[in-house]
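Visitor: sequence-free structure coming up:
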């Protein structure tokens, strides 16, 4: 209500399941119907978030959620899971799909692929600069939406596994515990090197508009209504060119983490880190009461046009038009006046009183015979009647098709092996891997002598042209295979003639999405039983490796101690003393690795996927050889390790 009354054109919200704020109260279907009716009567759209990863066993429930939201009149669905998007497109052809920022798409090829998959709008990553947004706009047709105010995750959306690996609460499943707000220090000082300030681009709205973005998004769920009121009001002022430093101070007071940042948007990423201090908390007290007044009463948002007819010997008639809808109500037959006949001024006065509704009088036409009178109560009744009729929601009709349930299957084949390496020096002679991959910055000679494919990095912000140039070079060298880490690189490599394979970061979590990619590595947030039961050709899991828990465009080590002291050997230490290696590369982002590797060498008989993948990072060639030997002999490792989430699962 705060968002609507302060002038938002649309709201986004979640039902009880399958949304990225599952631990919020959210809406049941009865409440959702009321919300949609409330919003639509005020010309405000409602977008329902189903922006989490969906398992095979949840697809039926997700179908029912979409169907119920369609019956309520939802205007669109914000979706992360590509398999779910495929189901919605097939089962509900008229449903409008918005790609969540959780889709982790950051290149023109990626956005074009989203459009081919049936998405009409995409929410841009928060990490993009203005110039990168302009480049996306110039090369794609899909509608673009951007976050302009709210919390900033350290990790690229959709690529964070920190909360799930540490505590089984997955951000990709809507239950992030925000461990990044705790101490992760690059210099062992107890600093908070994964905690960013909140984003605010409200002062940049004119630049955003000129870049071709059509929708401004405020992150307001699980925030108090005063926060929502302040942010929406500030955005409306900025759109009109009236945003001031005073408005920004109010926003900082109601909620901030050491102020705001626009570092990604401007490309100036030096001063983006901050925490929630006592001063930040106390500051809210001075503005909450005033902000609550912005939404405590109904705001007249909808102009209404009236036409009143009062003719001798005919029932009076009131016609009302608002919100692209026209209704007519008739009343009593007017009587001849004895003293004070009805006048146009008196009619206008009585029909202008819309009280605590969302309407305000735009214009009125009267057709009045002289010498007539109608009671004030009858005119008031007509006014109330047309308002009620205007508020009535039309019957919702939509096409729906039965859910095509994918049967799970249990595989019994002995899996073959694949691997990725950071360096050709790690690769043993006569290795057992069917496919191996090296990063694109490896020497040409390394690809030739090892017959390796290329693993395309994640987070290709502004680097698509550089990647294409390098891929063309590798193609000429005879490199055939490409392990693709996101939707954009998958599309890019495929268009250049590579045999493409899906990496873990595509977040393949169900059979529908698994069938959209060639030989995909399944999400390591799945349980082993879930992975074994995926019904798709040639799927695999990471069976060994120190997996990346975060990928971030702003290096926490560089921010704290600088690149000179790091010398590409940076680490973060958490409050419990665990050490997380930080890997940088010639591409835009850095990766934060799990302290211990996933090891399944002594559980090989339980793995029924078509292949297993080895994710080698800092291991020497000798260490790789020892690991391979362990897996061949199905032996247990003697050093620290984890089973990941293969037995624990995520909540």
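Guide: Perfect, thanks for sending it. Please read all numbers here as calculations on a predicted model, not as lab measurements. Numbers count the residues shown, from 1 in each chain.
Visitor: Please spell out which residues along stretch 213-221 are buried.
Guide: 213, 215, 216, 217, 218, 219, 220, 221 (16 or more other CB atoms under 10 Å). Any C-beta I mention is one placed from the backbone N, CA and C, and that applies to glycine too.
Visitor: Contacts only, for the fourth one.
Guide: With contacts taken as CB atoms under 8 Å, 6 or more residues apart in numbering, residue 217 has the following neighbours: 12, 123, 145, 146, 147, 148.
Visitor: how about 7 Å then?
Guide: Residues near residue 217 by CB atoms under 7 Å, 6 or more residues apart in numbering: 123, 145, 146, 147, 148.
Visitor: Name every sheet partner of the helix or strand that contains it and say whether each one runs parallel or antiparallel.
Guide: Assigned by DSSP states H and E, residue 217 belongs to strand 215-218. Paired with strand 215-218 in the same sheet, following DSSP bridges, are strand 143-150 (parallel).
Visitor: Output the below-cut-off pLDDT ranges for the stretch 201-350 of the chain.
Guide: Within the stretch 201-350 of the chain, no range satisfies pLDDT under 70.
Visitor: Helices of that one, start to end?
Guide: Using DSSP state H, counting those that start in this stretch, the helices of the stretch 201-350 of the chain run over 205-210, 225-239, 245-254, 263-266, 278-283, 288-292, 344-351.
Visitor: Out of these, which is closest to residue 404?
Guide: Of all these, helix 225-239 sits nearest to residue 404, with 39.0 Å by CB to CB.
Visitor: Buried residues, that closest one. List them.
Guide: Judged by neighbour count (16+ other CB under 10 Å), helix 225-239 contains these buried residues: 225-238.
Visitor: just curious, which of those residues is nearest to residue 113?
Guide: Distances from residue 113 to the buried residues of helix 225-239, taken by CB to CB, are shortest for residue 235, at 30.1 Å.
Visitor: wait, the closest one sits on residue 215?
Guide: No - using CB atoms under 7 Å, residue 235 makes no contact with residue 215, being 11.1 Å away.
Visitor: Pull up the distance across stretch 215-234, start to finish.
Guide: 15 Å (CA to CA, to the nearest Å).
Visitor: ah, wrong one, I meant stretch 638-651
Guide: Using CA to CA, the end-to-end distance of stretch 638-651 comes to 30 Å.
Visitor: pLDDT of that stretch, averaged?
Guide: Stretch 638-651 comes out with an average pLDDT of 95.
Visitor: what about the stretch 401-550 of the chain, any weak spots by pLDDT?
Guide: Applying pLDDT under 70 to the stretch 401-550 of the chain picks out residues 410-412.
Visitor: Would you map the helices across it?
Guide: According to DSSP H, counting those that start in this stretch, the helices that the stretch 401-550 of the chain contains are 444-450, 464-477, 487-495, 511-514, 528-532.
Visitor: would you turn those helices into a markdown table with mean neighbour count and distance to residue 54?
Guide: Output for the helices of the stretch 401-550 of the chain, formatted as a markdown table (neighbours: other CB atoms under 10 Å; distance: least, CB to CB, whole Å):
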| stretch | mean neighbour count | distance to residue 54 |
| --- | --- | --- |
| helix 444-450 | 14 | 37 |
| helix 464-477 | 15 | 29 |
| helix 487-495 | 23 | 17 |
| helix 511-514 | 24 | 8 |
| helix 528-532 | 20 | 11 |
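Visitor: Distance to residue 31 added to these, as TSV?
Guide: Listed next are those as TSV, based on distance: least, CB to CB, whole Å:
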stretch	distance to residue 31
helix 444-450	57
helix 464-477	43
helix 487-495	34
helix 511-514	29
helix 528-532	31
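Visitor: Can you check which of these gets nearest to residue 23?
Guide: For residue 23, the closest of the helices of the stretch 401-550 of the chain is helix 528-532, at 22.3 Å, according to CB to CB.
Visitor: Next one: the nearest residue to residue 359 once chain neighbours are set aside from residue 310, what distance?
Guide: Among residues not flanking residue 359 along the chain, residue 304 sits closest, at 4.5 Å (CB to CB, 6 or more residues apart in numbering). According to CB to CB, to the nearest Å, residue 304 and residue 310 sit 19 Å apart.
Visitor: thought residue 22 was touching residue 174?
Guide: Yes - counting by CB under 7 Å, residue 22 touches residue 174, with 3.7 Å between them.
Visitor: These two: which is more packed in?
Guide: For residue 22 versus residue 174, neighbours defined as other CB atoms under 10 Å are more numerous around residue 174 (25 against 18).
Visitor: burial measure for the closest residue to residue 104 other than its chain neighbours, as a count.
Guide: Distance criterion CB to CB, 6+ apart; nearest residue to residue 104, sequence neighbours excluded, is residue 158 at 4.0 Å. Here the number of neighbours of residue 158 (other CB under 10 Å) works out to 25.
Visitor: do the same with residue 258
Guide: 18.
Visitor: Please tell me I have it right and it contacts residue 274.
Guide: Yes - contact criterion CB under 7 Å: residue 258 and residue 274 qualify, at 3.1 Å.
Visitor: which residues do these two both contact?
Guide: Common contact partners of residue 258 and residue 274 (CB under 7 Å, 6+ apart): residue 197.
Visitor: Helices of the stretch 1-150 of the chain, start to end?
Guide: 2-5, 29-40, 59-72, 82-91, 108-116, 130-139.
Visitor: Distance check, residue 44 against residue 219.
Guide: Here residue 44 is placed at a distance of 18 Å from residue 219 (CB to CB).
Visitor: Give me the nearest residue to residue 389, chain neighbours excluded.
Guide: residue 327 (3.9 Å).
Visitor: Surely the one you found touches residue 318?
Guide: No - judged on CB under 7 Å, residue 327 makes no contact with residue 318 at a distance of 8.9 Å.
Visitor: more neighbours, the two?
Guide: Remark: of residue 327 and residue 318, residue 318 carries more neighbours, 23 against 17, as counted by other CB under 10 Å.
Visitor: Within the helices and strands, which one has the closest residue to that one other than its chain neighbours?
Guide: Once flanking residues are discounted, residue 318 sits nearest to residue 382: 4.3 Å by CB to CB, 6+ apart. Taking DSSP H and E as the criterion, residue 382 maps to helix 376-391.
Visitor: Packing partners of that helix?
Guide: On a contact count with 3 or more CB pairs under 7 Å, 6 or more residues apart in numbering; DSSP states H and E, helix 376-391 meets strand 317-322, strand 325-330, helix 344-351.
Visitor: residues making contact with it?
Guide: Contacts to helix 376-391, defined as CB under 7 Å, 6+ apart, come from residues 41, 318, 320, 322-323, 325, 327, 329, 331-332, 350-351, 354, 357, 359.
Visitor: What residues of that helix count as buried?
Guide: For helix 376-391, by 16+ other CB under 10 Å, it's 379, 382, 383, 385, 386, 387, 390, 391.
Visitor: want to throw these into TSV with pLDDT and distance to residue 186?
Guide: TSV is the format used below for those (pLDDT from 0 to 100; distance: CB to CB, whole Å):
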residue	pLDDT	distance to residue 186
379	95	72
382	96	70
383	96	66
385	96	67
386	95	65
387	94	61
390	92	59
391	90	57
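Visitor: rewinding a little: out of the helices of the stretch 201-350 of the chain, nearest to residue 538?
Guide: Nearest of the helices of the stretch 201-350 of the chain (CB to CB): helix 263-266, 37.1 Å.
Visitor: which one is residue 580 nearest to, not counting chain neighbours?
Guide: Among residues not flanking residue 580 along the chain, residue 572 sits closest, at 4.5 Å (CB to CB, 6+ apart).
Visitor: can you confirm that neighbour is in a strand?
Guide: Yes - counting by DSSP: H, G, I helix; E, B strand; the rest coil, residue 572 falls inside a strand.
Visitor: Show me which of the buried residues of helix 376-391 is closest to residue 169.
Guide: Nearest to residue 169 among the buried residues of helix 376-391 is residue 391, at 41.0 Å by CB to CB.
Visitor: Can you report how many residues lie near the closest residue to residue 530 other than its chain neighbours?
Guide: In this structure, residue 530 finds its nearest non-sequential neighbour in residue 55, 6.0 Å apart by CB to CB, 6+ apart. Applying other CB under 10 Å, we find 23 residues neighbouring residue 55.
Visitor: Cheers, nothing more for now.
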